[in-house]
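A.B. asks: coordinates for the following, if possible.
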Amino acid sequence: AAAAGDGLKTEGAVGAVSAVVVASLSLFNVGGLTAFFFGLYFLMATQDIAVDGWALTMLSKKNRGRGPVCNSIGQNIGFFLSYVGFLALNDPDSSENIWRPIFGMTSRPGEGLVSVKGFLKFTGVAMIAVTIAVALFKREVNPDTTQEGDGATDDGEDAELDASELGVRETYRRLWKVCQLPSVRWLFLVLLTYRFPVSLSDNVKPLKAVEYGLTRQTTALLSPTIILPLGILVPIVAAKVWKNAPLRQFIDAYRFRVTVVPLLDVVMLLSIRAMHGATDTRSRLTLMAALVASTAAQAAVNSMQFNAQMTFFASRVDPAIGGSYMTLLNTAANLGGTWPASVVMYLVGKLNVPPDCQLGVDGVETCTGGRDAYFGLQMTFSVLGGLWLALMSRRVSWLAELPEESWLTYCDEDGDYKAEEGSIKMKKK
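C.D. replies: Numbering: from 1, shown residues only. I've put the predicted structure just below:
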């Protein structure tokens, strides 16, 4: 109940800030923008903890495995609307050639359908509306008044409801002990390293595609037809195919991600570079097939791995500090995707050699020399992905086989939290 109340208050605050402050956002200087987004992200991080807690305390144990599927689908839809969808609606060419004809709107060349200011205001109002709806139609069970048989089950969920009595100090004390568990430390290592071998595809490939001639209009067409449907369907299908084995799903998707996906990315980029200006049907069909294959493969493996890790998190965390525990693991996962982006951007910048371009007497620019580091780096990163699988796949399987006690802490007579003795030994094959 406390998590729900905090989540509603925070979500309402985020909506109010987005809807009201954005009206004067253009008057802010760099310091003002920094303060605005710091406050916004602080509120959203607070809400994230509460929502993670909801997934553990609002669902019964038999339905708890569905929480990550809902999480994955919701995040894919939210990402599509707020990032890819916004870029498509904000692009003047896409708005003029696609969206205005579809919606029967008046032609306004050079102007996007949606502005940054209007989009932020809309999302703020939408969050306030959702907050009001949840507050009106969702009722929480009060742990202080819950009686045996009144919503509490006999499978251990009473203890989960009583978890709201933990204080902030005790919660973070437990989190610190959680960080000392060998199982959690190995999971941290997995989360912090697995994204590096695929960081080139995740972060540089889209930029290279634009550099080689891919237009926003093409991106606008691919996003609602491929990325969004796969983001919704893949978690549902994966939950049925790899049921009760999220880390096996994680590794299977990763094998595909470090082998087939890089190959499809290279074919796509080479196709764009060679055919983006072509007008014949064969070249256009070949280019579209390469775009669809690369986009679909990337979207599928991203969704599979995200869904797998969220399912595994939800099945292992201590419900007494569930929201905070989930956020701790998600923070490690997010950090594992952030630092490789900076490193790979630095490597590309250092290894790329720009061509020597000169303007001829006829006014045509001629470029010679230069070196594109992308394709060489892609081969190197694919090898790193294979090495990661060779070194870490067995460790991931070990994590999957650990009993639930390996992820929990227990309190001894002195009030100290320790791992369950003997629960973290690696099983011999």
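A.B. asks: other SSEs contacting the helix or strand where residue 334 lies?
C.D. replies: Using DSSP states H and E, the secondary-structure element containing residue 334 is helix 322-351. Using 3 or more Cβ pairs under 8 Å, 6 or more residues apart in numbering; DSSP states H and E as the contact definition, the elements that helix 322-351 packs against are helix 30-57, helix 168-179, helix 182-193, helix 199, helix 281-316, helix 374-401. The C-beta positions use only the backbone N, C-alpha and C, and glycine is treated the same way.
A.B. asks: can you give me the buried ones in the very next helix or strand once past the fourth one?
C.D. replies: It refers to helix 199. Sequence order places helix 205-211 as the next helix or strand after helix 199, per DSSP H and E. Within helix 205-211, the residues that qualify as buried by neighbour count (16 or more other Cβ atoms under 10 Å) are 205, 208-209.
A.B. asks: and for stretch 181-193?
C.D. replies: If you call a residue buried by 16+ other Cβ under 10 Å, then stretch 181-193 has these buried ones: 181, 183-184, 186-188, 190-193.
A.B. asks: work out the gap between it and the centre of the chain.
C.D. replies: Chain-centre distance of stretch 181-193: 18 Å, with Cα atoms, centre = their mean, to the nearest Å.
A.B. asks: restricting to C-alpha, output that stretch in PDB.
C.D. replies: Taking C-alpha atoms only, stretch 181-193 is exported to PDB below (Å, rounded to 0.1, in the frame of the first residue of the first chain):
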ATOM      1  CA  LEU A 181      25.800 -12.200  -2.000                       C
ATOM      2  CA  PRO A 182      28.000 -14.200  -4.400                       C
ATOM      3  CA  SER A 183      25.000 -14.900  -6.600                       C
ATOM      4  CA  VAL A 184      24.200 -11.200  -6.900                       C
ATOM      5  CA  ARG A 185      27.800 -10.300  -7.600                       C
ATOM      6  CA  TRP A 186      28.100 -12.700 -10.400                       C
ATOM      7  CA  LEU A 187      24.800 -11.400 -11.800                       C
ATOM      8  CA  PHE A 188      26.200  -7.900 -11.600                       C
ATOM      9  CA  LEU A 189      29.200  -9.100 -13.700                       C
ATOM     10  CA  VAL A 190      26.900 -10.600 -16.300                       C
ATOM     11  CA  LEU A 191      24.700  -7.500 -16.500                       C
ATOM     12  CA  LEU A 192      27.700  -5.100 -16.700                       C
ATOM     13  CA  THR A 193      29.500  -6.900 -19.500                       C
END
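A.B. asks: can you give the contact residues for that stretch?
C.D. replies: In this structure, residues lying in contact with stretch 181-193 by Cβ atoms under 8 Å, 6 or more residues apart in numbering are 178-179, 309, 329, 332-333, 335-336, 339, 388, 392, 395-396, 398-399, 402, 406-407, 409, 419, 424.
A.B. asks: quick one on the thing from earlier: now the helix holding residue 334: average pLDDT?
C.D. replies: Rounded to a whole number, the mean pLDDT of helix 322-351 is 88.
A.B. asks: for that helix, buried residues please.
C.D. replies: Neighbour-count burial for helix 322-351 flags 322-330, 332-333, 336-337, 340-341, 344, 347-348 (criterion: 16+ other Cβ under 10 Å).
A.B. asks: contact partners for the residue lying closest to residue 344 once chain neighbours are set aside?
C.D. replies: Of all residues beyond its chain neighbours, the one nearest residue 344 is residue 199 (4.4 Å), with distances taken as Cβ to Cβ, 6 or more residues apart in numbering. When the contact criterion is Cβ under 8 Å, 6+ apart, the partners of residue 199 are 340-341, 343-344, 381.
A.B. asks: and those, which two are furthest apart?
C.D. replies: Of all pairs drawn from these, the widest gap by Cβ to Cβ lies between 341 and 381 and measures 12.9 Å.
A.B. asks: quick one: furthest residue from the center of the chain?
C.D. replies: Distance to the chain centre peaks in the chain at residue 361, reaching 50.7 Å (criterion: Cα atoms, centre = their mean).
A.B. asks: and that one, how far from residue 355?
C.D. replies: In this structure, residue 361 and residue 355 are 19 Å apart, going by Cβ to Cβ, to the nearest Å.
A.B. asks: next one: residue 242
C.D. replies: For residue 242 relative to residue 355 (Cβ to Cβ), the value is 47 Å.
A.B. asks: same question, residue 74
C.D. replies: From residue 74 over to residue 355 the distance is 45 Å, taken as Cβ to Cβ.
A.B. asks: same question, residue 33
C.D. replies: Residue 33 sits 36 Å away from residue 355 when distances are taken as Cβ to Cβ.
A.B. asks: return the helix or strand in this protein with minimum mean pLDDT.
C.D. replies: Across the helices and strands of the chain, mean pLDDT, DSSP states H and E gives its lowest value to helix 157-161, namely a mean of 44.
A.B. asks: could you look up the SS state of residue 357?
C.D. replies: Three states are possible here, and by DSSP: H, G, I helix; E, B strand; the rest coil the one that applies to residue 357 is strand.
A.B. asks: check contacts around it.
C.D. replies: 365-367.
A.B. asks: what is it paired to in the beta sheet?
C.D. replies: Legend: beta-bridge partners of residue 357 under DSSP bridges are residue 367.
A.B. asks: any idea how many residues pack against residue 176?
C.D. replies: Using other Cβ atoms under 10 Å, the number of residues around residue 176 comes to 11.
A.B. asks: and it, how far from residue 392?
C.D. replies: Using Cβ to Cβ, one gets 25 Å for the distance from residue 176 to residue 392.
A.B. asks: ditto for residue 354
C.D. replies: For residue 354, the distance to residue 392 equals 37 Å [Cβ to Cβ].
A.B. asks: pick out whichever of the two has more residues nearby.
C.D. replies: For residue 354 against residue 392, the residue with the higher neighbour count under other Cβ under 10 Å is residue 392, and the figures read 18 against 10.
A.B. asks: what sits against that one?
C.D. replies: Neighbouring residues of residue 392 by Cβ under 8 Å, 6+ apart: 189-190, 193-194.
A.B. asks: any chance of those in TSV with distance to residue 97 and pLDDT as columns?
C.D. replies: Compiled in TSV, the contacts of residue 392 are given as follows (distance: Cβ to Cβ, whole Å; pLDDT from 0 to 100):
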residue	distance to residue 97	pLDDT
189	48	96
190	44	96
193	43	96
194	40	96
